[in-house]
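Undergrad: sequence? don't have it. structure:
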Ligand code: SF4
C-alpha cells in the first residue's frame, strides 16, 4: 500500500496501464493509448487500496529503480 506505482491489468480486455505518483505531486498515467500527466485521481486498483494521491511519491529508489529491476517483461524503464 505504500507503493508509488500502481499497475492495472485486465486480462479479459487485454488491457493494461500504470499510474505513478511523482515528487511534484502530479500523476503520470501510462496506457496503450499513450502517456499523460496531471492531477487526476484514478481508481486505486482494488477495494480498500490506499488511493495513490495519499502515497509517497516516487524517489527512484535512490537511483536504482526497484520496479524497473523486477519488471518481468521490461515494460517499466527509467529514462531521462
Ligand atoms: S522507482 Fe522505486 S519508488 Fe519509484 S515507483 Fe519504482 S519502486 Fe517505487
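TA: Structure received. Please read these numbers as outputs of a predicted model, since none were measured by experiment.

Undergrad: can we go C-alpha only for contacts and neighbour counts from here?
TA: Will do.

Undergrad: how close does the residue of the chain positioned farthest from its centre sit to residue 79?
TA: Farthest-out residue of the chain from its mean C-alpha position, per C-alpha atoms, centre = their mean: residue 12, at 20.6 Å. As defined by C-alpha to C-alpha, to the nearest Å, residue 12 lies at a distance of 30 Å from residue 79.

Undergrad: quickly find the element holding the residue farthest from the centre of the chain.
TA: Assigned by DSSP states H and E, residue 12 falls within no helix or strand.

Undergrad: what does this protein put close to the ligand?
TA: Residues of the chain lying close to the ligand (C-alpha under 6 Å from any ligand atom) are 3, 4, 5, 58, 59, 60, 61, 65, 66, 67.

Undergrad: for the last one, the count of nearby residues, please.
TA: The burial count assigned to residue 67 is 17, neighbours taken as other C-alpha atoms under 10 Å.

Undergrad: start the count at 284 instead of 1 going forward.
TA: Noted, 284 is the first residue going forward, which turns the last one into residue 350.

Undergrad: hang on, it in a strand?
TA: No. Looking at residue 350 with DSSP: H, G, I helix; E, B strand; the rest coil, it is helix, so not inside a strand.

Undergrad: what pLDDT does the residue farthest from the centre of the chain get?
TA: Residue 295 carries a pLDDT value of 93.

Undergrad: and the gap between it and residue 313?
TA: Here residue 295 is placed at a distance of 19 Å from residue 313 (C-alpha to C-alpha).

Undergrad: swap in residue 345?
TA: Computed with C-alpha to C-alpha, the distance linking residue 345 and residue 313 is 22 Å.

Undergrad: over the stretch of helix or strand residue 300 belongs to, what's the mean pLDDT, rounded is fine.
TA: Following DSSP H and E, one finds residue 300 within strand 298-304. Across strand 298-304, pLDDT averages out at 91.

Undergrad: and it, what does it pack against?
TA: Strand 298-304 sits against strand 288-293, strand 310-314, with contacts defined as 3 or more C-alpha pairs under 8 Å, 6 or more residues apart in numbering; DSSP states H and E.
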